[in-house]
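> Quick one, fold the following:
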Amino acid sequence: MTILQRKVLEEGAAAMPSIDSLDSFFEPTSPSIRELPRVSEQIGDLAGKTVMFILTGSYTRVSAYMMLKNAGVKIIMVHPEKNFAVPAVYRWIHCEVTNIPHMLKMVTHKIQGWKEDGTIDSLDGVLTFDEYGCYPAACLAEHLGLRPSPGPTDVVKKTNVKSAFRQHCIKHGIRSPKFVTIYTPEEIGTLDSMELQFPVVCKPSPGAGSMLVKMLHSLPELKEHAAIAFANLNSSKDIKHWANTGVTVHLQIEEYIGGQEVDVDCIIQEGKICYAAISDNKQTTRPYFCEMGGVAPSKLPESAIADIYEQLERFVKSHGTRLNSALHYEAKYDFDRQASFVIEVNLRIGAAETECLNRTAWGVNLAEQYVRVACGLEAMQCYPPKKQLQVASTNFRPKKAGTLIHQKVPLEVINDESFVGATLYLSEGDRVGLPPESFSALGWLCASGESYEEALANCDRLGDLVVFTVDADTPNEAAFPDVDAGTVSGQSFGRDAASILNDIRSDNRSFADVVDDS
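Alright, predicted model coming up:
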């Protein structure tokens, strides 16, 4: 949190300073970029609506909350404590959302009291921008008799739990990777008898933010990583969120799909696709699949685009009219098989630069449209969407772990004609980690261009000018030696992976013994 953010929080300010003045946000100065529409012509429909959000999500969401406040939306925030969202929030309900029955009781009591004393007239919708808020939001919407958003609880659970999602895909003919699951450290030994085709991808289920997702090229590598994953999952601060689903956290091992990875950002209303836009992902880092940015719109051939949309439509249709949500649909297009495979679906708006990419490339404000859906207002109809501008993004990744002592987005970047926007997540003095200690990013930058290639080149050029200086806490080499600039913060775990590996390799101990000690 920056000094200005702390000041706003401490003073409980009623009005937000301009986003431009926050030193974590950087807006374009180019007239051609600034003149692009940031909201739809129907934004006035939201004036006077009262909307409840479950968890604030990351700091990058502040611009969406401020957009809604400026549109006349009263935001009620259910979150354990006040944070960066203070200037945009009308009322807070301080509550842990990991205890669903307690949350339902507390929120119901607060809403009834506010209706009685005139604080609010009604509650028009419940939703979330946060992955861990999806299931609690669905529970709350059902409890209050509101439009189920992002969908009914059984749909949310089926989508959030990766193994259940894979089974759903098989049942409904939606192409997805082949997979197996293991639920305990003791089952690691059973991997010997499984017919696995390497490389494979191992990931927690449920899970979020690419946490502990790793590509493995051999059975010994897979066994090592599985032991590390189980140990760290058991000590993760996020396990309380996964417990909400009633599912035991387990590991999913699935085939690696080659080809172009894409994101499809969608708005779904009563099972109808109102908006769905495809962007290409840059090559993720290996072996941990940390995202490096993307380009919108995609340059895949029309046949590939059609196949991706066809699989998306199958997924939406499989839930009938029950989805009322934003979707962040992640897929791979395999050129050899000429087929797309869904990797996962997030029942929320994509994180980081997703909103900026969609607003700039296609002129659609995802946050505005999602709130319209949650409130029962008709969403914008633009499927497939029309290109407005070509945009590329970059996510900054670190070479080393340590303390962030300096960061800067120079004026030369902000004043560039191609600059679209940037956000920095950390403050000087914050911890910077590398996978598997930490998986999220320091920030992102977006730039435009006349063509796909020019947008990429402009983004790379401007990204090279952004400065991050880290005081390394060890002399170790970079985790990502092929990456020049960097970021990482976010989820932390109680057990250092290196120490677990050391126990396994040097102490002649079994995987199960090491996990048990954790």
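
> mind listing the helices for the stretch 401-518 of the chain?
Using DSSP state H, counting those that start in this stretch, the helices of the stretch 401-518 of the chain run over 411-414, 452-463, 497-506, 511-517.

> So which other helices or strands are in contact with the second one?
The reference is to helix 452-463. Secondary-structure packing of helix 452-463 (3 or more Cβ pairs under 8 Å, 6 or more residues apart in numbering; DSSP states H and E): strand 294-296, strand 390-395, strand 443-449. (Each C-beta comes from the backbone N, C-alpha and C, glycine too.)

> For the strand or helix carrying residue 273, what does the pLDDT average out to?
Here residue 273, judged by DSSP states H and E, is contained in strand 272-281. Averaged across strand 272-281, pLDDT comes to 98.

> Could I get the helices and strands packed on helix 452-463 in TSV, plus columns for distance to residue 30?
Shown next, in TSV, are those (distance: least, Cβ to Cβ, whole Å):
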stretch	distance to residue 30
strand 294-296	18
strand 390-395	13
strand 443-449	9
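
> Among those, which comes closest to residue 106?
strand 443-449 (34.6 Å; Cβ to Cβ).

> pLDDT (mean, whole number) over that closest one?
96.

> Enumerate every residue touching the residue lying closest to residue 245 once chain neighbours are set aside.
Using Cβ to Cβ, 6 or more residues apart in numbering and skipping residues adjacent in sequence, the residue nearest residue 245 is residue 157, 5.1 Å away. Contacts for residue 157 were tallied using Cβ atoms under 8 Å, 6 or more residues apart in numbering; they are 135, 164, 245, 246, 247.

> State whether residue 157 is indeed within a strand.
No: with DSSP: H, G, I helix; E, B strand; the rest coil as the criterion, residue 157 is helix rather than part of a strand.

> re the thing from before, could you dump the helices and strands packed on helix 452-463 into a markdown table with mean neighbour count and distance to residue 343 added?
Compiled in a markdown table, those are given as follows (neighbours: other Cβ atoms under 10 Å; distance: least, Cβ to Cβ, whole Å):
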| stretch | mean neighbour count | distance to residue 343 |
| --- | --- | --- |
| strand 294-296 | 26 | 14 |
| strand 390-395 | 28 | 18 |
| strand 443-449 | 27 | 21 |
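
> closest to residue 382 out of those strands?
Of the helices and strands packed on helix 452-463, nearest to residue 382 by Cβ to Cβ is strand 294-296, at 14.2 Å.

> Now the helix or strand following the closest one: average pLDDT?
For strand 294-296, the succeeding helix or strand toward the C-terminus, using DSSP H and E, is helix 302-317. Average pLDDT, helix 302-317: 98.

> Same check on stretch 232-251?
The average pLDDT within stretch 232-251 is 76.

> Quick one: distance of the strand holding residue 273 to the chain centre.
16 Å (Cα atoms, centre = their mean, to the nearest Å).

> which other helices and strands contact it?
Right, strand 272-281 is packed against strand 260-269, strand 294-296, helix 302-317, helix 354-362, helix 366-375 by 3+ Cβ pairs under 8 Å, 6+ apart.

> who touches the second one?
When contacts are defined by Cβ under 8 Å, 6+ apart, strand 294-296 is touched by residues 263, 277-282, 353, 357-358, 360-362, 390-393, 452, 455-456.

> Out of the helices and strands packed on strand 272-281, which gets nearest to residue 147?
Closest among the helices and strands packed on strand 272-281, once you apply Cβ to Cβ, is helix 366-375, at 6.5 Å.

> what kind of secondary structure is residue 319 in?
coil.

> burial count for it?
Residue 319 sits with 19 neighbouring residues when counted by other Cβ atoms under 10 Å.

> Report whether the expected contact of it with residue 151 is present.
Yes: shown here, residue 319 and residue 151 form a contact pair, counting by Cβ atoms under 8 Å, at 6.8 Å.

> circling back to that earlier point, next, the angle helix 452-463 makes with the strand holding residue 273.
70 degrees (axes from the mean of the first three to the mean of the last three Cα atoms, to 10 degrees).

> how deep is residue 471 tucked in, by neighbour count?
Residue 471: 12 neighbours (other Cβ under 10 Å).

> State the distance from the nearest residue to residue 61 once chain neighbours are set aside to residue 62.
In this structure, residue 61 finds its nearest non-sequential neighbour in residue 129, 5.0 Å apart by Cβ to Cβ, 6+ apart. Distance, residue 129 to residue 62, using Cβ to Cβ, to the nearest Å: 10 Å.

> Same check on residue 304?
Residue 304 is 35 Å from residue 62, by Cβ to Cβ.

> quick one: the helices in the stretch 101-250 of the chain?
134-144, 153-160, 162-171, 219-235, 239-242.

> Return the set of buried residues in the second one.
If I follow you right, that is helix 153-160. Neighbour counts using 16 or more other Cβ atoms under 10 Å place 153, 155, 156, 157, 158, 159, 160 of helix 153-160 among the buried residues.
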